[in-house]
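# Sequence first, then the predicted structure, then my questions.
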Amino acid sequence: MPSSNATVTLTQGALTLTATFSANTAGSGTINVNAGFNTGDITPAISPADNATSGFTPLIYLSFDNNTTNTISFGSSTPKVVITSSGAISGANCNLDVYSSNGGMTSTWNFVGATGPVTGGNSVTIAPSPLGSGMTVDFKPGQQIVAISCK
């Protein structure tokens with residue numbers, strides 16, 4: 001396991017997103033990450049659209065594809081997410097949302113408690129947020145979807 005923090009930087013349209021995760025705590029391998037607006041640029045298309053928090057509109061989606069056979073884990077806090085835009089970001093605050101089943105049979109959009117303010121009209125920083133007791137940031141084999149939504 002690497003001891004450094006995994007960082008990914010992606011650009012989609014006017015947005016640049018950097019996510020910095022806690023140090024890898026279990027598993028190893030490559031996770032393919034893509035950004036999109038869910039307008040045909042993420043396959044398969046995301047359905048339903050992010051609806052974790054009423055009134056919030058998805059800003060950008062991230063697809064994490066773990067093509068290994070093992071779960072890759074990054075501790076018990078959400079990553080730090082920084083988004084900058086060459087245009088305006090609509091809203092005053094943005095949330096980190098995850099499409100997951102949380103141990104159940106049906107997946108839904110879930111707000112994970114990580115939020116940050118829009119500053120200067122064109123950037124947002126979502127600080128790491130500890131997850132609930134016993135929860136960890138895990139990328140299981142296959143595709144997992146995350147969204148940043150703002151209001």
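Great, that's in hand.
# what distance separates the least confident helix or strand in the chain by mean pLDDT from the centre of its chain?
The helix or strand of the chain with the poorest confidence is strand 31-36; it has a mean of 88 (mean pLDDT, DSSP states H and E). From the chain centre to the centre of strand 31-36 is a distance of 10 Å (Cα atoms, centre = their mean, to the nearest Å).
# what's the answer for stretch 20-33, then?
13 Å.
# ok, now stretch 19-26?
13 Å.
# Stretch 56-70 too?
6 Å.
# strand partners of the lengthiest strand in the chain, parallel vs antiparallel please.
Secondary structure assigned by DSSP state E gives strand 108-119 as the longest strand of the chain. Within its sheet, and counting by DSSP bridges, strand 108-119 is paired with strand 93-100 (antiparallel), strand 123-126 (antiparallel).
# List the contacts of the helix or strand residue 61 falls within.
Assessed by DSSP states H and E, residue 61 sits inside strand 57-66. The list of residues contacting strand 57-66 from outside it, by Cβ atoms under 8 Å, 6 or more residues apart in numbering, reads 10, 12, 15, 17, 19, 29, 31-38, 42, 46, 49-50, 72, 83, 89-91, 94, 139-151. C-beta coordinates here come from the backbone N, C-alpha and C atoms, glycine included.
# Kindly export that strand (C-alpha atoms) in PDB.
Provided in PDB are the C-alpha atoms of strand 57-66 (Å, rounded to 0.1, in the frame of the first residue of the first chain):
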ATOM      1  CA  THR A  57     -28.400  20.800  -8.700                       C
ATOM      2  CA  PRO A  58     -25.600  18.500  -9.900                       C
ATOM      3  CA  LEU A  59     -22.500  20.500 -10.900                       C
ATOM      4  CA  ILE A  60     -20.300  17.600 -12.000                       C
ATOM      5  CA  TYR A  61     -20.300  13.800 -11.800                       C
ATOM      6  CA  LEU A  62     -17.200  11.500 -11.200                       C
ATOM      7  CA  SER A  63     -17.100   7.900 -12.300                       C
ATOM      8  CA  PHE A  64     -14.600   5.700 -10.400                       C
ATOM      9  CA  ASP A  65     -14.000   2.400 -12.100                       C
ATOM     10  CA  ASN A  66     -12.100  -0.100 -10.000                       C
END
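# List the buried residues in stretch 13-22.
Residues of stretch 13-22 classed as buried: 15, 16, 17, 18, 19, 21, 22 (neighbour count, 16 or more other Cβ atoms under 10 Å).
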